[in-house]
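Enquirer: this is the structure alone, sequence omitted:
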């Protein structure tokens, strides 16, 4: 694993101006209340390059110049046996340097002094602009400028390193793919467990507990995001988070839940009947969403624009809205009119796909901003994304009442392969599979 991080650092250094310096800091610890912190989670870009998960850390990369070789330098917490009694193990600079393959390591308290030294006469500094380092970079450049009388200069330019890292992170290497495959397997098992546990009279949080149990039991460190466990009308709230309502016989339950394993996220949604059997109207809407997802999945292969995923799902959903009388054909027109006029928006108001990786909504541009017209990015082998169409029917004039208070979403994690795609998530999603699973004792 450390070899992968070292290779990524080398790839960044190869893109930098010779003699320049890059710096990336990890996320800070955040107080929850009083003397309690939120569970710590490292910064994704920092971890991508370092593999290091301790707080109070930063990474400096110095591009080679002339005979001077490139260097990777870690700044981290000093070894402190007293604090380790309370807070747990910390590597300390020397052990971290050896274990994680850095050229040098210093205590984090030395960051300001060392950065002022590294930036002396450096042609450029690369860092994530618009974040926590803005003030520090300004101070480091000022400290170098103070030495101007001795003939040294601060970096002549500052470069946002985020686009470079985002482009690299968009393509997952085989090791990343394996971690994400495992994360999806854990989350899929959690959805199966939740289906089997569902029954009328339970509260949404009881199903959430089943998910969290399976995540942790299987080795995932965290939920990848706050789980959505939404019964009945709550499923029409896209980012529902209360998870405290009772589950009613005859209602559907929408569960959007994924885990984080070794820094990488899974993101899966399934929708199933609380009593284990779809009603006829529920089945009609569900089969529509499932067909829309299949149309979208057919667009996941190398060389196709990422936008086709959404367009394919939208065409199926728009036709279904007309067929099921959610939209009036006389006033809405045909499928193309529904799409052009966005008449579908009351029932489908989100995109069908997003990148997935170290972040749930992972980094990477969806359009080629350097090309004329900013065309949609073409899919490439190694990209991982979600495919997640849905339909959400609230009470409204002209909308058939038997569809009211119904929210359905079906979401899978998908790897683009040289031949097409691989679906990582395996939880049942056909009507027959779900009903069979839930009928088992």
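Expert: Received, thanks. Predicted model, so just to flag it, every value in this text is computed and none were measured.
Enquirer: quick one: residues contacting the residue most central in space within the chain.
Expert: Per Cα atoms, centre = their mean, the C-alpha nearest to the average position across the chain is that of residue 360, at 1.4 Å. Shown in contact with residue 360 (Cβ atoms under 8 Å, 6 or more residues apart in numbering): 224-225, 258, 265, 267. Where you see a C-beta, it was placed from the backbone N, CA and C, and this is true even at glycine.
Enquirer: where's it, which helix or strand?
Expert: Here residue 360 is covered by no helix or strand, with elements defined by DSSP states H and E.
Enquirer: residue 218 is in contact with residue 260, correct?
Expert: No: in this structure, residue 260 is not within contact of residue 218 by Cβ atoms under 8 Å, at 12.0 Å.
Enquirer: the more surrounded of these two?
Expert: Legend: neighbour count by other Cβ atoms under 10 Å for residue 260 and residue 218, higher for residue 260 (22 against 16).
Enquirer: each with direction, which strands does the helix or strand hosting that one pair with?
Expert: When elements are assigned from DSSP H and E, residue 260 belongs to strand 259-261. As defined by DSSP bridges, the strand partners of strand 259-261 come to strand 222-223 (antiparallel), strand 264-265 (antiparallel).
Enquirer: gap between residue 183 and residue 339?
Expert: Residue 183 is 34 Å from residue 339, where distance means Cβ to Cβ, to the nearest Å.
Enquirer: where does residue 391 sit: helix, strand or coil?
Expert: Look at residue 391: counting by DSSP: H, G, I helix; E, B strand; the rest coil, its state is strand.
Enquirer: okay, domains of this protein per the record?
Expert: 2-168, 171-439 (automatic domain parsing).
Enquirer: could you work out the end-to-end span of the shortest one for me?
Expert: Across domain 2-168, the straight-line distance between its terminal residues is 17 Å, by Cα to Cα, to the nearest Å.
Enquirer: still on that earlier bit, quick one: which of the contacts of residue 360 is most hemmed in?
Expert: residue 258 leads those on contacts (other Cβ under 10 Å) with 30 neighbours.
Enquirer: count of neighbours near the nearest residue to residue 261 once chain neighbours are set aside?
Expert: Nearest-residue entry for residue 261: residue 183, 4.0 Å, with adjacent residues in sequence omitted and distances by Cβ to Cβ, 6 or more residues apart in numbering. Using other Cβ under 10 Å as the criterion, residue 183 is surrounded by 30 other residues.
Enquirer: just the element for residue 183, please.
Expert: Going by DSSP H and E, residue 183 is part of helix 174-197.
Enquirer: give me the helices and strands touching that helix, please.
Expert: With contacts taken as 3 or more Cβ pairs under 8 Å, 6 or more residues apart in numbering; DSSP states H and E, helix 174-197 sits against helix 204-217, strand 252-257, strand 259-261, strand 264-265, strand 268-273, strand 412-416, helix 431-439.
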